[in-house]
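Asker: here is a sequence with its predicted model. Questions after.
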Amino acid sequence: MLLQLNIFLIFISTIFAQADVSDFEQPGDCGTAKTDWKPCIDRRIADMVFGSCCDRFVPPECRGICTYESHPIEARVLLMHTIQPSRCRLYKYLPAIVHCAAQTHDNTVCCKEMGLQETGQSCLELCRSQANPRELWGTKSLRKDLVQCLSKWDQVMFCHQSGLRARKIKNAAAVLATYSTTLPTTITSNNILSIKRAVNNETNIK
């Protein structure tokens, strides 16, 4: 029940974000070099937000890597299953996946501390939101300078989760009134799914 409530609040904050957001929260006990880039947002909730974005902008065969998997072996297994059996065209959809993972944040500093630039300077492209998530990163296959970066996918995902922040919201009552028909009186799995669909109808990758 607590997890459902947290997910519900994340979706509501996404609704608020469309109308009246002042800034992102900047807690001092997470998401910084001083805290070893400890994530501010719970993994399960973060994966829901990531997955919701990928549901809109990434085909089913590529969604297996739309999760903040930061364990090296697990991350590589996910990549292998996505690239080989599923035949995801990474050259076409990796920019959108990275953009969804970043959620508008630039996590280059974290990636640099992880040493991604030692694998290749172009690897830092994976560490920030994309100006054009529809851009192709190759012709029929992923660019070679980016292929080598996939060996560090776990670190890329760790930094992206670390960069997630809750939003500061102004005039919440007014926004709630606007979406009053969307908000349930009782929190259930079905209600959360309905809210997720409503949010998806309102949001775009920016």
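Answerer: Nice, I can see it.
Asker: walk me through the domains of this structure.
Answerer: 1-25+167-206, 29-165 (automatic domain parsing).
Asker: least reliable of those going by mean pLDDT?
Answerer: Least confidently modelled of the domains of the chain is domain 1-25+167-206, at a mean of 48 by mean pLDDT.
Asker: which residues touch the closest residue to Ile83 other than its chain neighbours?
Answerer: Ranked by C-beta to C-beta, 6 or more residues apart in numbering and with sequence neighbours excluded, the top spatial neighbour of Ile83 is Leu90, at 6.6 Å. (C-beta placed from N, C-alpha, C; glycine too.) Contacts for Leu90 (C-beta atoms under 8 Å, 6 or more residues apart in numbering) come out as 62, 82-83, 137, 142.
Asker: how much space between Leu90 and Ser122?
Answerer: 14 Å (C-beta to C-beta, to the nearest Å).
Asker: mind listing which of the contacts of Leu90 are in helices?
Answerer: Applying DSSP state H to the contacts of Leu90, the entries found in helices are 82-83.
Asker: of the contacts of Leu90, which pair is most distant in space?
Answerer: Greatest spacing in the contacts of Leu90, by C-beta to C-beta: Thr82 and Trp137 (15.1 Å).
Asker: sorry, back to before: between the contacts of Leu90, which is nearest Arg56?
Answerer: So of the contacts of Leu90, ranked by how close each gets to Arg56 (C-beta to C-beta), first place is Cys62, at 12.4 Å.
Asker: my read: that closest one touches Tyr91, true?
Answerer: No: in this structure, Cys62 is not within contact of Tyr91 by C-beta atoms under 8 Å, at 11.2 Å.
Asker: who has more neighbours out of these two?
Answerer: Shown here are Cys62 and Tyr91; by other C-beta atoms under 10 Å, Cys62 has more neighbours (22 against 17).
Asker: do you know how far that one is from Cys127?
Answerer: 19 Å.
Asker: kindly report the same for Thr139.
Answerer: For Thr139 relative to Cys127 (C-beta to C-beta), the value is 23 Å.
Asker: Arg63 too?
Answerer: Arg63 is 21 Å from Cys127, by C-beta to C-beta.
Asker: and Lys144, by the same measure?
Answerer: As for Lys144, its distance to Cys127 is 19 Å (criterion: C-beta to C-beta).
Asker: for this protein, which segments count as strands?
Answerer: Counting by DSSP state E, the chain has strands at residues 21-24, 167-169.
Asker: per-residue pLDDT, Pro27?
Answerer: pLDDT at Pro27 comes out at 72.
Asker: ok, it - contacts?
Answerer: With the criterion set at C-beta under 8 Å, 6+ apart, Pro27 makes contact with 40, 165.
Asker: again, but for Cys53
Answerer: By C-beta under 8 Å, 6+ apart, the neighbours of Cys53 are 66, 99-100, 103, 205.
Asker: could I get these as CSV with distance to Glu113?
Answerer: Formatted as CSV, those follow (distance: C-beta to C-beta, whole Å):
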residue, distance to Glu113
Cys66, 24
His99, 22
Cys100, 23
Gln103, 20
Ile205, 27
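Asker: reformat those residues as a markdown table; add neighbour count and distance to Cys149.
Answerer: Output for the contacts of Cys53, formatted as a markdown table (neighbours: other C-beta atoms under 10 Å; distance: C-beta to C-beta, whole Å):
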| residue | neighbour count | distance to Cys149 |
| --- | --- | --- |
| Cys66 | 23 | 17 |
| His99 | 24 | 16 |
| Cys100 | 25 | 17 |
| Gln103 | 21 | 20 |
| Ile205 | 16 | 21 |
